[in-house]
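Asks: sequence first, then the predicted structure, then my questions.
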Amino acid sequence: MADHIIAIDQGTTSSRAIIFDRKGAIVATGQKEHEQIFPRPGWVEHDPNEIWRNVQEVIGLALSRADLTRHDIAAIGITNQRETAVVWDRATGRPVYNAIVWQDTRTQSIVDRLAADGGVDRFKPVVGLPLATYFSGTKVAWILENVDGAREKAEAGELAFGTTDTWVLWNLTGGIDGGVHVTDVTNASRTLFMDLETLEWRDDILAAFDVPRSLLPEIRSSSEVYGTAEDSSLLRETPIAGILGDQQAATFGQAAFHAGESKNTYGTGNFLIFQTGEEIIRSKNGLLTTVGYKLGEGPTHYALEGSIAVTGSLIQWLRDQLGIIRSAPEVEELAARVDDNGGVYFVPAFSGLFAPYWRPDARGAIVGLTRFVNKGHIARAALEAVAFQTRDVLDAVNADAGVDLAELKVDGGMVANDTLMQFQADVLGVPVVRPVVAETTALGAAYAAGLAVGFWSNLDELAANWQEDERWEPTLEEAERDRQLRLWRKAVAKSMDWVDDDVS
């Protein structure tokens with residue numbers, strides 16, 4: 001009897017396969033990192049072929065560690081880094097260029113060109129997003145404009161585009177031999193191309209970007225059977241039945257299904273999603289309007305999102321570029337050596353500032369340095385930057401939704417850091433709550449797939465699986481919180497207006 005669901009989590013730094021049981025508990029995991037490619041300042045790429053090889057390997061690892069076979073798996077769910085763009089040749093299956101990652105800022109000139117007629121909010125009433133390098137639409141346009149032969153092949157219908165969910169699904173269902181070219185509504189809502197109301201690609205916007213419609217995948221719901229794994233796969237004949245972009249998947253995995261419910265994921269970046277139900281709320285405070293989920297033929301559920309580019313990747317930067325820690329968990333130990341940040345504030349605007357500022361001209365800044373400061377203060381300031389950025393986003397959510405959040409559900413790799421979680425509660429002034437299963441991104445994809453094949457019956461059954469693991473209550477005095485927020489926002493202002501025409 002197939003008593004498990006497997007989720008493929010194709011993330012920014014690694015690909016994972018996680019097997020869940022009926023209670024939503026983790027049975028086994030396989031994980032493998034892929035290379036982060038930085039050809040120039042502001043450019044971030046991945047090798048799509050490496051990603052696909054790793055996905056196949058981690059599926060095998062998870063099945064082996066669980067001592068299961070395909071016969072034990074009822075369905076496959078997919079979740080992914082959402083805005084990262086892959087363009088490949090339909091006949092050969094070979095990418096025409098590396099995947100351009102969501103953090104990449106090379107497309108600013110395309111953003112500026114499109115914004116010259118109507119500003120950065122030119123398409124926002126339709127797609128819910130401002131023009132920004134973050135979204136995949138500008139990345140596709142860049143590939144067509146800069147890769148030799150890509151434009152001609154695209155116009156001849158010979159190329160396919162997808163975010164990494166689509167790339168994994170296409171390969172998993174056969175690739176050049178009948179691969180399914182599909183994405184779900186949550187990922188489609190991050191391209192700049194999809195109408196939020198109709199859930200269809202907009203031909204007028206595609207024309208403005210000069211992107212042929214033939215490149216694009218079919219848009220489907222987040223929970224339905226898209227196809228089955230090909231014969232050569234370890235999961236052959238298993239239905240692929242759920243797709244959710246990583247942040248929507250984490251929200252679904254947190255059982256935050258209804259209007260007014262939210263979560264914050266601490267990963268490579270931070271992403272706070274606030275469900276608005278079947279209502280589209282257009283942000284006036286720097287947030288994104290996005291699709292939360294759509295289950296089969298059911299209604300579309302929408303959300304507000306605050307996207308922060310650099311949080312977990314800031315800790316990687318301390319490790320890989322500065323070398324002041326040897327592993328990511330060491331940052332908490334280093335920060336604990338000092339009583340406070342020593343007056344240091346770290347604004348990690350490595351890719352500009354995302355929500356709620358949307359300032360591509362910003363760059364990273366460390367301010368308040370004195371001879372007193374040591375690497376412990378830098379480590380603490382880096383952790384605090386994660387919490388301060390989340391506070392900025394939460395203020396925008398409260399302003400748009402008109403309701404103050406009572407508590408914040410959290411997930412992702414960084415929630416294991418007690419120092420960060422306590423400071424997060426302190427700077428928000430509300431409790432922060434971590435669930436027993438912190439891998440909510442993969443869990444959400446598993447839930448979507450399981451619902452589609454009847455493995456789980458309804459949302460109430462999923463909500464019953466959620467359990468609280470730990471709760472952090474705020475302890476900081478309000479006056480001290482206000483002082484630190486004032487200095488943080490002063491530091492943010494110092495990071496802006498850095499990029500001129502001759503500075504990348």
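Replies: Nice, thanks for sending it over. Numbers count the residues shown, from 1 in each chain.
Asks: just list the residues touching Glu305, thanks.
Replies: 247, 271-274, 287-290, 355 (C-beta atoms under 8 Å, 6 or more residues apart in numbering). Backbone N, C-alpha and C define where each C-beta goes, glycine included.
Asks: can you redo these as a markdown table with neighbour count?
Replies: Formatted as a markdown table, these follow (neighbours: other C-beta atoms under 10 Å):
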| residue | neighbour count |
| --- | --- |
| Gln247 | 30 |
| Phe271 | 28 |
| Leu272 | 27 |
| Ile273 | 27 |
| Phe274 | 28 |
| Leu287 | 27 |
| Leu288 | 26 |
| Thr289 | 21 |
| Thr290 | 25 |
| Ala355 | 26 |
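Asks: can you flag which of the residues you listed belong to helices?
Replies: The helices, defined by DSSP state H, take in Gln247 from those.
Asks: can you add pLDDT and give the contacts of Glu305 back as TSV?
Replies: Output for the contacts of Glu305, formatted as TSV (pLDDT from 0 to 100):
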residue	pLDDT
Gln247	91
Phe271	87
Leu272	90
Ile273	90
Phe274	89
Leu287	90
Leu288	90
Thr289	93
Thr290	94
Ala355	83
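Asks: only the buried residues of the helix or strand hosting Asp400, if you could.
Replies: Using DSSP states H and E, Asp400 sits within helix 375-401. Residues of helix 375-401 classed as buried by neighbour count (16 or more other C-beta atoms under 10 Å): 376-397, 400-401.
Asks: go on, stretch 6-22?
Replies: 6-13, 15-20.
Asks: what do you get for stretch 327-341?
Replies: 328, 331-332, 334-335, 338, 341.
Asks: check stretch 482-499 too.
Replies: Judged by neighbour count (16+ other C-beta under 10 Å), stretch 482-499 contains these buried residues: 484, 487-488, 491-492, 494-496, 499.
Asks: and that stretch, how far out from the chain middle?
Replies: 25 Å (C-alpha atoms, centre = their mean, to the nearest Å).
Asks: repeat for stretch 288-307
Replies: That offset, for stretch 288-307, works out to 14 Å (C-alpha atoms, centre = their mean).
Asks: the closest residue to Leu172 other than its chain neighbours and Val180, how far apart?
Replies: Of all residues not flanking Leu172 in the chain, Ala229 sits nearest, at 5.4 Å (C-beta to C-beta, 6 or more residues apart in numbering). Between Ala229 and Val180 the computed distance is 11 Å (C-beta to C-beta, to the nearest Å).
Asks: quick check: neighbours shared by these two?
Replies: Common neighbours of Ala229 and Val180 (C-beta under 8 Å, 6+ apart) are 173, 240.
Asks: what's near enough to touch the residue nearest to Leu172?
Replies: Shown in contact with Ala229 (C-beta under 8 Å, 6+ apart): 70, 76, 172-173, 235-238, 240.
Asks: tell me the secondary structure for the residue sitting furthest away from the middle of the chain?
Replies: Taking C-alpha atoms, centre = their mean, the residue of the chain most remote from its mean C-alpha position is Arg371, at 37.9 Å. Assigned with DSSP: H, G, I helix; E, B strand; the rest coil, Arg371 falls in the coil class.
Asks: and Arg16, by the same measure?
Replies: Assignment for Arg16 (three-state DSSP): strand.
Asks: report pLDDT for it.
Replies: As predicted, Arg16 sits at a pLDDT of 96.
Asks: tell me the bridge partners for it.
Replies: Beta-bridge pairing of Arg16 under DSSP bridges involves Asp9, Gln31.
Asks: hmm, it is touching Gly30, no?
Replies: Yes. Assessed by C-beta atoms under 8 Å, Arg16 is found in contact with Gly30 at 6.6 Å.
Asks: any common contacting residues for the two?
Replies: Joint contacts of Arg16 and Gly30 (C-beta under 8 Å, 6+ apart) are Val58.
Asks: contacting residues around stretch 350-362?
Replies: Outside stretch 350-362, the residues that reach it (C-beta under 8 Å, 6+ apart) are 42, 103-105, 108, 111, 120, 130, 132-134, 269, 285-288, 305-310, 313-314, 317, 347, 349, 363-364, 392-393, 395-396, 492, 495-499.
Asks: stretch 305-322: which residues count as buried?
Replies: Residues of stretch 305-322 classed as buried by neighbour count (16+ other C-beta under 10 Å): 305-315, 317-319.
Asks: then stretch 460-469?
Replies: Neighbour count says stretch 460-469 has 462, 465-466 buried, by 16+ other C-beta under 10 Å.
Asks: span of that stretch from start to end?
Replies: 20 Å (C-alpha to C-alpha, to the nearest Å).
Asks: what average pLDDT does that stretch get?
Replies: 92.
Asks: what of stretch 107-122?
Replies: Stretch 107-122 comes out at a mean pLDDT of 94.
Asks: what's the answer for stretch 127-134, then?
Replies: pLDDT averaged over stretch 127-134 gives 93.
Asks: for the helix or strand where Lys490 lies, packing partners?
Replies: Assigned by DSSP H and E, Lys490 falls within helix 478-495. Counting contacts by 3 or more C-beta pairs under 8 Å, 6 or more residues apart in numbering; DSSP states H and E, helix 478-495 packs against strand 345-347, strand 365-367, helix 375-401, helix 418-428.
Asks: mind exporting the C-alpha coordinates of it to PDB?
Replies: The C-alpha trace of helix 478-495 is given here as PDB (Å, rounded to 0.1, in the frame of the first residue of the first chain):
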ATOM      1  CA  GLU A 478       9.400  49.300  23.900                       C
ATOM      2  CA  ALA A 479      11.700  52.300  24.200                       C
ATOM      3  CA  GLU A 480      14.700  50.200  23.300                       C
ATOM      4  CA  ARG A 481      12.900  48.500  20.400                       C
ATOM      5  CA  ASP A 482      12.000  52.000  19.000                       C
ATOM      6  CA  ARG A 483      15.600  53.200  19.400                       C
ATOM      7  CA  GLN A 484      17.000  50.200  17.500                       C
ATOM      8  CA  LEU A 485      14.400  50.500  14.800                       C
ATOM      9  CA  ARG A 486      15.300  54.200  14.400                       C
ATOM     10  CA  LEU A 487      19.000  53.400  14.000                       C
ATOM     11  CA  TRP A 488      18.200  50.500  11.600                       C
ATOM     12  CA  ARG A 489      16.200  52.700   9.300                       C
ATOM     13  CA  LYS A 490      18.900  55.300   9.400                       C
ATOM     14  CA  ALA A 491      21.300  52.600   8.200                       C
ATOM     15  CA  VAL A 492      18.900  51.600   5.400                       C
ATOM     16  CA  ALA A 493      18.800  55.200   4.200                       C
ATOM     17  CA  LYS A 494      22.700  55.100   4.100                       C
ATOM     18  CA  SER A 495      22.600  52.100   1.700                       C
END
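Asks: great, nothing more from me.
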